[in-house]
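> No sequence on hand, only this structure:
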Ligand code: NAP
């Protein structure tokens, strides 16, 4: 019998009327069910978070820190179980799923440290004539209820990036995980309760984003929405949220630029990293490489070595230790990608390897002869598909990269310091990764995008800034 998972409301696990099935995207095996929260249950969840805020806003920093440290420890203790759950419900290869669990444990560890660093500042009042004789400072206070809405592709660590800073800074949380991958989030809820989190500080509702998510987004008792997901849903949230703070972590079509001297010293390493960044987790990562710009002088050699490495990738069951590429989240997504590739071919693109799918399993695919306006280049493809383009001029290639409507991370390989600095200053992105691929993140960096890639930053310290506000206190 499959497990029936429940909603977490006010510290209690609660059944719903209707159940939603959670299936393994690789073989459609039923993994369990979660409730579709009713309107009343969403309301109860928000009431519970509201009530708990009276306690969490006064909970001393050392207690919040200790709870978060315990959560970090328990995640590490339950690593294999959590990794298996991630692999089963999201289709992420088990070796990558283990890495996600390690990162989530570290995210909570960072939060336990940051919980003790909520500083205000003193204000030099005498800088103004009207401030003379006064002393003032600020206190950083939590906002209240944080609504966390998370995507399917990192079901543990992207939930951690929302709930850990919220708890560290004395807020309460209403979490709505992605409908494809709610079980990992529910297991994290169990862990957080067992670590001594006050009841109601974390509440979890499951159900469709279009109804349950929408109700949360519109509710005026929520102080802030922190959302990670697609640009279209993110934009919809800005239109419905009203007077709330919003952080949006959206998608991209991330580029890497490889200069002509780069392959000389570290050719093999660059090929390995580019293959990883283009195809890890079937390209379903917000900073997957989608566009590779290679200097014309080395383009043919790069393509030759790249294809050789791609042909060695193993596509199989995510639970297999040797699997590099598992399924896409649904077969429907694979069909969408196939359509985009067909459209590109009809516009002149050439497929060098891959291009087809069997059910949700999409072959690692390399395209050339693409143009900037083709969907496979201009839109977020979110699949194991990469396009290789040539360039001659550094300033020109940076301009071309910047034509994207997105701007999350960019990777730059060059041995020329001047070109490095030019790229760092002129690329319109949230992060420039020099001598590596854009698919790089550790969990304490300021992480987020510009343009269509979002608003605000995650990374525990930065998320805490966005989940708190300064209160001004002035002595006359
Ligand atoms: P999605 O379809 O936008 O869903 C994200 C979350 O929003 C899910 O929990 C979803 O619920 C919910 N949702 C859907 N419609 C909603 C609505 N009308 N109101 C409120 N919530 C709603 O994204 P996804 O397919 O899960 O994730 C892939 C996307 O996330 C890609 O674009 C990727 O680039 C982006 N991403 C960005 C980052 C980053 O840090 N920048 C990281 C990872 C992923 P349901 O599941 O029930 O539909």
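Now that the structure is in, tell me what you want to look at. The shown structure was predicted, so the numbers you read here are calculated from the model rather than taken from an experiment.
> buried ones in stretch 20-38?
Neighbour-count burial for stretch 20-38 flags 20, 22, 24-26, 31-38 (criterion: 16 or more other CB atoms under 10 Å). (Each C-beta comes from the backbone N, C-alpha and C, glycine too.)
> okay, how far is it across it, tip to tip?
One end of stretch 20-38 to the other measures 13 Å (CA to CA, to the nearest Å).
> what's stretch 64-84 in contact with?
Stretch 64-84 is contacted by residues 56, 94, 97-98, 100-102, 104-106, 108-109, 111-113, 115-116, 156, 164, 167-168, 170, 184, 187-188, 191-192, 194-197, 319 when judged by CB atoms under 8 Å, 6 or more residues apart in numbering.
> Between all of the buried residues of stretch 20-38, which two are at the greatest distance?
Greatest spatial distance among those (CB to CB): 26 and 38, at 31.5 Å.
> returning to what we had before: from the contacts of stretch 64-84, keep the buried residues only.
Buried by 16+ other CB under 10 Å: 56, 94, 97-98, 100-101, 104-106, 108-109, 111-113, 115, 156, 164, 167-168, 170, 184, 187-188, 191-192, 195, 197, 319, out of those.
> Once you drop chain neighbours, what's closest to whichever residue of the stretch 101-250 of the chain sits closest to the ligand?
Proximity of the stretch 101-250 of the chain to the ligand (CB to the nearest ligand atom) peaks at residue 209, 2.1 Å away. Excluding the flanking residues, the one nearest residue 209 by CB to CB, 6 or more residues apart in numbering is residue 233, at 6.6 Å.
> Surely the one you found is in contact with residue 227?
Yes - counting by CB atoms under 8 Å, residue 233 does reach residue 227; the two are 7.4 Å apart.
> Which one of these two is surrounded by more residues?
Using other CB atoms under 10 Å, the more surrounded residue of residue 233 and residue 227 is residue 227, with 29 against 19.
> List the residues that contact that one.
Residue 227 is in contact with 149, 233-234, 237, 246-249, counting by CB under 8 Å, 6+ apart.
> Show me which pair in those residues is furthest apart.
Longest span within these, CB to CB: 233 and 247, 13.8 Å.
> Now name the helix or strand holding residue 251.
Under DSSP states H and E, no helix or strand contains residue 251.
> for it, phi and psi?
When read as degrees, to the nearest 10, the backbone of residue 251 gives phi -90, psi -170.
> interface residues of the stretch 101-250 of the chain facing the ligand?
Proximity of the stretch 101-250 of the chain to the ligand, by CB under 6 Å from any ligand atom, involves residues 149-154, 158, 176, 178-179, 208-210, 213-214, 217, 228-230, 233, 236-237, 249-250.
> could you redo the last one with a cut-off of 8 Å?
Within the stretch 101-250 of the chain, the positions near the ligand by CB under 8 Å from any ligand atom are 149-154, 158, 161, 176-180, 207-210, 212-214, 216-217, 227-234, 236-237, 240, 249-250.
> just the strands in the stretch 251-400 of the chain please.
If DSSP state E, counting those that start in this stretch is used as the criterion, the strands of the stretch 251-400 of the chain fall at 255-258, 291-295, 350-353, 357-358, 361-362, 365-368, 385-391.
> TSV for those strands, including distance to the ligand?
Shown next, in TSV, are those (distance: least, CB to the nearest ligand atom, whole Å):
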stretch	distance to the ligand
strand 255-258	15
strand 291-295	15
strand 350-353	23
strand 357-358	18
strand 361-362	15
strand 365-368	18
strand 385-391	14
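> Need the winner for burial among the ones you listed.
strand 255-258 (a mean of 27; mean count of other CB atoms under 10 Å).
> ok now that one, how far from the chain's centre?
Distance of strand 255-258 from its chain centroid, counting by CA atoms, centre = their mean, to the nearest Å, is 21 Å.
> What pairs with that strand, parallel or antiparallel?
Using DSSP bridges, the strands paired with strand 255-258 are strand 291-295 (parallel), strand 409-413 (parallel).
> hmm, who's touching that strand?
With CB under 8 Å, 6+ apart, strand 255-258 has contacts from 270, 274, 277, 289-295, 298, 302, 391, 397-398, 401, 404, 410-414, 423, 437-438.
> 7 Å - rerun?
With contacts defined as CB atoms under 7 Å, 6 or more residues apart in numbering, strand 255-258 is touched by 270, 274, 277, 289, 291-295, 302, 397, 401, 410-413, 437-438.
> now it: mean pLDDT?
For strand 255-258, the mean per-residue pLDDT is 98.
> now do stretch 371-383
If you average the pLDDT over stretch 371-383, you get 98.
> Okay, buried residues for that stretch please.
The neighbour-count check on stretch 371-383 (16+ other CB under 10 Å) flags 374-383 as buried.
> All set, thanks.
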